[in-house]
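> turn this into a model:
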Amino acid sequence: MNENLIHRLKGHVLKVLHLFALFIAMSIICIPGLWVVLNSFRPTVEIMAKPPVWIPNDLSLDHYRAMFGAAGEGGVPVLQYFTNSLIISLTSTIIAILVGMAGGYAFARFKFRGKAGIFIGIMITRAVPGVSLSLPLFIVMAKTGLIDTHLGLILVYIALNVPFTIWLIDGFFRQVPVDLAEAAEIDGCTRWQAFWKVEFPVARAGIASAGIFAFLTSWNEYALASQLTRSTFSKTMPVGLRDFTSEFTINWGGMCALAVLMIIPALILTFIVQKHLISGLTFGGVKG
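Modelled structure (predicted):
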């Protein structure tokens with residue numbers, strides 16, 4: 001009886017310690033984001049205070065009003081930057097996912113000469129740091145007239161995202177039983193119908209994961225965008241953060257306000273595809 005009680009108490013203690021460790025880890029992860037959100041509502045005096053003011057004394061929307069030009073400071077063309085980021089990120093993500101689905105499915109389902117070498121070659125391109133490509137990309141874009149255009153950044157982000165999407169989607173399609181598609185074809189489906197009606201729904205969790213990764217990569221990327229954009233009509237939101245800096249001062253409140261606006265679309269997308277991310281793969285569709 002005593003041993004049973006001790007065992008149960010030990011289990012409860014371990015569970016409490018586990019939850020406490022998770023709470024500490026999540027606090028460390030979330031505190032920087034919470035600090036950015038608070039600074040977007042706090043006056044500059046509190047943001048720059050030393051020692052730091054942990055509990056805000058005054059919250060306002062002044063930084064957001066100034067950002068949209070309502071406070072007489074000229075404002076930053078946030079709507080234009082937001083539109084640019086949305087067009088570039090969504091277009092590059094959709095194309096990268098379509099190419100990634102085709103490539104991943106081909107590597108998972110078909111046998112052809114040089115398959116392993118081609119796959120390794122594609123993965124090696126992903127290992128190259130994006131910053132190291134800034135100079136050659138700038139030269140290529142300048143020669144083709146794609147500097148300071150949406151198309152230029154879209155092509156760059158597609159090239160950055162396709163290797164990872166192929167690798168991730170290939171792994172998910174390899175876990176989908178081939179018998180599912182064969183059974184669908186026996187029942188009268190074409191190869192295309194078997195893919196869309198049987199294999200795609202099973203692997204959509206992996207495709208959703210690849211889509212989120214590709215979108216966030218394009219949405220948050222700064223280094224290449226800062227090199228390949230010049231005007232208001234092509235700058236993305238990360239590059240637009242520089243508009244809050246001057247020779248002697250930095251508008252931290254305005255930068256935090258824009259950062260909060262950048263976070264919102266990413267959160268919305270994550271919530272939309274959340275059910276696909278947590279659903280996992282459906283196994284057992286074919287009985288042995």
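> count the residues that sit near Asn220.
A total of 16 residues lie near Asn220 under the criterion other CB atoms under 10 Å. In short, each C-beta sits where N, CA and C put it, glycine included.
> er, Val128 actually
By other CB under 10 Å, 11 other residues sit near Val128.
> per-residue pLDDT, it?
Val128 is assigned 79 on the pLDDT scale.
> and the gap between it and Pro136?
The gap separating Val128 from Pro136 is 10 Å, by CB to CB, to the nearest Å.
> what does Asn39 give?
38 Å.
> so the two - more neighbours on which side?
Asn39 (22 against 9).
> the residue lying closest to the more buried one once chain neighbours are set aside sits in which helix or strand?
Spatial nearest neighbour of Asn39, chain neighbours left out: Cys256 (4.1 Å); criterion: CB to CB, 6 or more residues apart in numbering. According to DSSP states H and E, Cys256 maps onto helix 252-272.
> any idea of the mean pLDDT for whatever helix or strand Asp179 lives in?
Per DSSP H and E: Asp179 is located in helix 178-186. Mean per-residue pLDDT for helix 178-186: 80.
> ok, now stretch 244-256?
80.
> how many residues are close by Arg65?
15.
> that's a helix at it, yeah?
Yes. Under DSSP: H, G, I helix; E, B strand; the rest coil, Arg65 sits within a helix.
> what pLDDT does it get?
Per-residue confidence at Arg65 stands at 81 (pLDDT).
> what of Val37?
88.
> same deal with the one 10 residues further on?
Per-residue confidence (pLDDT) for Ile47: 82.
> and the one 5 residues further on, by the same measure?
The predicted local distance difference test score for Pro52 is 78.
> so what touches the helix or strand that the helix holding Asp179 is followed by?
Next in sequence after helix 178-186, counting helices and strands by DSSP H and E, comes helix 191-194. Under the criterion CB atoms under 8 Å, 6 or more residues apart in numbering, residues 180-181, 184-185 lie in contact with helix 191-194.
> rerun at 7 Å
Applying CB atoms under 7 Å, 6 or more residues apart in numbering, the contact partners of helix 191-194 are 181, 184-185.
> show me which of the residues you listed are buried.
Buried by 16 or more other CB atoms under 10 Å: 181, 184, out of these.
> format the contacts of helix 191-194 as TSV; extra columns: distance to Leu5.
Formatted as TSV, the contacts of helix 191-194 follow (distance: CB to CB, whole Å):
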residue	distance to Leu5
Ala181	55
Ala184	56
Glu185	60
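> so which of the contacts of helix 191-194 is the closest to Arg174?
Relative to Arg174, the closest of the contacts of helix 191-194 is Ala181; by CB to CB it sits at 13.1 Å.
> find the nearest non-adjacent residue to the closest one, please.
Ala181's closest residue in space is Ala194 (CB to CB, 6+ apart), at 4.3 Å.
> quick revisit: now the helix holding Cys256: buried residues?
The neighbour-count check on helix 252-272 (16+ other CB under 10 Å) flags 252-262, 265, 269 as buried.
> what helices or strands is it leaning on?
Helix 252-272 is packed against helix 2-39, helix 44-47, helix 62-67, helix 200-220, helix 237-240, with contacts defined by 3 or more CB pairs under 7 Å, 6 or more residues apart in numbering; DSSP states H and E.
> neighbouring contacts of the next helix-or-strand element following the fourth one?
Using DSSP H and E, the helix or strand that directly follows helix 200-220 along the chain is helix 223-228. With CB under 7 Å, 6+ apart as the contact definition, helix 223-228 has outside contacts at 130-131, 134, 137-138, 141, 147, 152-153, 156, 236, 238-239.
> where are the low-confidence patches of the stretch 151-288 of the chain?
Residues of the stretch 151-288 of the chain that meet the criterion pLDDT under 70 lie in 247, 275-288.
> please repeat the previous calculation with a cut-off of 50.
The stretch 151-288 of the chain contains residues with pLDDT under 50 at 280-288.
> nearest to Ser89, of the buried residues of helix 252-272?
When the buried residues of helix 252-272 are compared against Ser89 (criterion: CB to CB), the nearest one is Pro265, at 8.4 Å.
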